[in-house]
Structures are given as structure tokens and as C-alpha cells.
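1. Turn this into a structure:
(2 chains)
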Protein chains: 2
Amino acid sequence: MTTEGPRLPTVELTAIGRVSSPLTALTDAPRQPDEGAPAAWLELDPALAPALAGVEVGDAVVVLTWLDRADRRTLAVHPRGDLDRPLLGVFATRSADRPNPVGLHTARVVAVEGTRVRLDHLEAVDGTPVLDLKPALGPVEER
Amino acid sequence: MTTEGPRLPTVELTAIGRVSSPLTALTDAPRQPDEGAPAAWLELDPALAPALAGVEVGDAVVVLTWLDRADRRTLAVHPRGDLDRPLLGVFATRSADRPNPVGLHTARVVAVEGTRVRLDHLEAVDGTPVLDLKPALGPVEER
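-> This next block holds a predicted model:
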């Protein structure tokens, strides 16, 4: 039996860029990427240009975003805001409201222009900070 | 044409828990989850118990971790440390060394005991801070 230590660390992340998207209101944002998210640009920090070498059109990628309008104190929600559905812990949902509101998105690269990366779809509103960009792993991601 | 604003935000995340794993050295850690990662526990903050309601044995989940031993200044790497392979930008790789070293793991829940969640495999060393836990989305995640 391990005892929870008291020292859970706090870490600082600096955004690597921002989302540029026609989605400007949370109410427009589809709840999941299969529900009609529009194409969008990731506008990355020009200082990070070397980190983009090898990111190419056609790549399947994972984008991590910071959902800065989320309520970080929320621990349980009615899924999709439907009060007829029982409360679920946020770790059992994709709710943006959660202690660390990191958005996880999968998409395909359709253009790369300097440090701007265009994705075929992204369910994040304009201006959302971007934290990381990774290749999707194919079969491993699919499990 | 948008101009990159100067104001990329810095955000603070507090870990929701830590990994408890037999993996204790980075050199033991498999580079990808299909390369033999052992089962492991997520030991979550007991204060977050309500956030776990609905997380159940058999669930396919995504875990975000903080790879606290990573070099955040690294922008390009030789994939898998193989000097014969050309340098790639870290955003084109799954290297832990990157500006925001957030680890992304997929696994299945095999036990839940209070605020401890056991996963069938996890490629993170013992003590790694955990940032978030989400359900995998099935078909969407698989694209």
C-alpha cells in the first residue's frame, strides 16, 4: 500500500502557438472532431521553426491545446450538458472542464507554410493556445 | 496574413497524480507502447475522487503525463537516437525532448481501487507526474 505523497508538482508550459480558425464562439465548436470541425491553422512561434522539420502534408498528427475558457474546478459533469444523463467524473468524459484542460485532437496536415501548419479539421476556437504537436502513431494510436 | 502576436501564454498545470510502475530507469522504458511496457498504477490525488466516477475496468483511456526528465530546449533529434538517421524536428517525432514534454499514452483500465487506477501497460517511469486522464474515443481516435 503506497501513501499518496503530498507533493504533486506544478509545472509551467509556454504555448508553442495559437489556433487560427473560423470557429470564434464556444457554442459553434463541435463537441467531437467527427461532428463537423472546420479546417484551421496552427500558427506556431517562429522561433520553433527547427522543431517543424519533417512535418509534412499528409501526416496524421495529434495536437494538444490549452482550453483556456474551461472551468478547472469542475470534477463531475452531465455528459454533453444533458441533465437527464447521470453525473460522470470528468476523467470519464472529454469535457473541457477538468483540472488540467488540455485538449487532444487528431487531424491531418494539409499545408505547411513556414511555421504555419494547416489541419483538415480542428475542434478548437480561434486563438486557442497550442501546447504540442506530435505524429499520430497509426496502429498503436488505434488500440 | 496574420502576424504572430508576441503574447504566447504560459500556463500552470498541477499534476493530478503520479505513475507507480516497476519501470525505474529511463533506459528501461520502451520507446513506444507496443514495445513491451509493463502494467502500472496511476495514483491520483484523493481530493479528485469525484472526477473518477464512471472510470471502469475495461475502459480504453488516454493518459497525459509530464516527462519531467526531458530536455525542453531540444528542437530537433535523430529519431530513436540513431545518428545515421537525419535530424527531424521534435514535432515530427515522439521524442520526450520537446518544448512541452507531455507524454501521450493509450491503455486499458484493468482495476480501480479508490483513486488508484491500474492500466494494462504504460511506457512511463515510476514517479512520472500524471496531468490528465480521458476516455479514448474509439473510431475518432483511430483515424
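2. only C-alpha atoms for contact and neighbour calcs from this point on.
-> OK.
3. where's A:Thr115 relative to A:Pro79, distance?
-> Per C-alpha to C-alpha, to the nearest Å, A:Thr115 is found 36 Å from A:Pro79.
4. How about A:Lys134?
-> From A:Lys134 to A:Pro79 the distance is 28 Å (C-alpha to C-alpha).
5. Please tell me I have it right and A:Ile16 contacts A:Val130.
-> Yes: using C-alpha atoms under 8 Å, A:Ile16 makes contact with A:Val130 at a distance of 5.7 Å.
6. joint contacts of these two?
-> Residues touching both A:Ile16 and A:Val130 (C-alpha atoms under 8 Å, 6 or more residues apart in numbering or on different chains) are A:Leu44.
7. what angle do the strand ranked longest in chain A and strand B:102-113 make?
-> In chain A, taking DSSP state E as the definition, the longest strand is strand A:102-113. Interaxial angle of strand A:102-113 relative to strand B:102-113 (axes from the mean of the first three to the mean of the last three C-alpha atoms, to 10 degrees): 150 degrees.
8. Not counting its own residues, what contacts the helix or strand just after strand A:102-113?
-> Per DSSP states H and E, the first helix or strand lying C-terminal to strand A:102-113 is strand A:116-119. Residues from elsewhere that reach strand A:116-119 (C-alpha under 8 Å, 6+ apart): A:39-44, A:107-112.
9. again, but for stretch A:50-69
-> A:96, A:101-112, A:115, A:128-136, B:75-76, B:88-92.
10. hmm, back to that, as a whole number, average confidence for the longest strand of chain A?
-> Averaging the model's pLDDT scores along strand A:102-113 yields 97.
11. And that strand, what does it pack against?
-> Packing contacts for strand A:102-113, counted by 3 or more C-alpha pairs under 8 Å, 6 or more residues apart in numbering or on different chains; DSSP states H and E, involve strand A:60-66, strand A:116-119.
12. List the neighbouring strands of the shortest one plus their orientation.
-> It stands for strand A:116-119. If you go by DSSP bridges, strand A:116-119 pairs up with strand A:40-44 (antiparallel), strand A:102-113 (antiparallel).
13. Reformat these as TSV; add distance to B:Ala25 and mean neighbour count.
-> Compiled in TSV, the strands paired with strand A:116-119 are given as follows (distance: least, C-alpha to C-alpha, whole Å; neighbours: other C-alpha atoms under 10 Å in any protein chain shown):
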stretch	distance to B:Ala25	mean neighbour count
strand A:40-44	33	24
strand A:102-113	27	19
